[in-house]
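>>> Got a sequence here, can you model it:
(chains A and B)
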Amino acid sequence: AQTVTQSQPEMSVQEAETVTLSCTYDTSESDYYLFWYKQPPSRQMILVIRQEAYKQQNATENRFSVNFQKAAKSFSLKISDSQLGDAAMYFCAYRSASTGNQFYFGTGTSLTVIP
Amino acid sequence: DTGVSQNPRHKITKRGQNVTFRCDPISEHNRLYWYRQTLGQGPEFLTYFQNEAQLEKSRLLSDRFSAERPKGSFSTLEIQRTEQGDSAMYLCASSLGQFEAFFGQGTRLTVV
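A predicted model of the protein is given here:
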């Protein structure tokens, strides 16, 4: 089974600064999808950004961007100009493009934004 | 359609009782997933439906757990003879094909 590792249980960032959350994964497949999900306290999980493994270009969504290193099996999330509303648990997730029957999640990183 | 809907939001039950949760996915989504999440952990896969067919079930899932998705629309997750270890947030998600999944707000189960 694929494994997803988030080695930073907690991170903090000053408002308006930039923070990077780390994620590594283990797979023998060549085609897959990677995701970052955000889960605010007592709120539902929402998608932040998605990356297709066959694309070399890193995905970007407004203040959120990823650094996808396929050979290193690394998928980090950069949040620029951090806002108070960015405070949440962030989960990295993997999904196979061939089987695709489930998402594999990491254990999450709790992000605190300091005013 | 405003997204994935789960009911109830909270459930407190006595050990040994049966509970049933409902999930209404986004209407055009053919895939539906159930996950369980405990405090401080990432979601753990329980089971997966494509339309009405249950195609995968976690080997970690006890026989006390059963899920259905009649007619490929809403889904129910039943837990029989609940145990304290079943206390968790139960998340439902749906997707169209192999794209990202959209999650509901979850059902928080407390077994006392």
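>>> tell me the pLDDT at A:A71?
What the model reports for A:A71 is a pLDDT of 94.
>>> Could you tell me how far the residue nearest the centre of chain B is located from chain A?
Central residue of chain B (C-alpha atoms, centre = their mean): B:W34, 3.5 Å from the mean position. Shown here: B:W34 relative to chain A, a distance of 10 Å by C-beta to the nearest C-beta, to the nearest Å. The way it works is simple: take the backbone N, C-alpha and C, and place the C-beta from them, glycine included.
>>> burial measure for the residue found closest to that residue once you drop the neighbours it is linked to in the chain, as a count.
In space, and not counting its chain neighbours, B:W34 is closest to B:L46: 4.2 Å by C-beta to C-beta, 6 or more residues apart in numbering or on different chains. Burial of B:L46 is recorded as 21 neighbouring residues (other C-beta atoms under 10 Å in any protein chain shown).
>>> Walk me through which strands the host helix or strand of B:L46 pairs with, and which way each runs.
In this structure, B:L46 sits in strand B:44-50 according to DSSP states H and E. Strand B:44-50 has its sheet partners listed here by DSSP bridges as strand B:31-37 (antiparallel), strand B:53-57 (antiparallel).
>>> For it, give me every contacting residue.
A:101-105, B:30-38, B:54-58, B:60-61, B:65, B:67, B:69, B:72, B:75, B:77, B:90 (C-beta atoms under 8 Å, 6 or more residues apart in numbering or on different chains).
>>> List the contacts of A:Y33.
A:R50, A:Q51, A:E52, A:A53, A:Y94, A:R95, A:A97, B:Q98, B:F99, B:E100.
>>> Just the buried residues from those residues, in PyMOL please.
Buried members of the contacts of A:Y33, defined by 16 or more other C-beta atoms under 10 Å in any protein chain shown, are picked up in PyMOL with:
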select buried, (chain A and resi 50+51+53+94+95) or (chain B and resi 98+100)
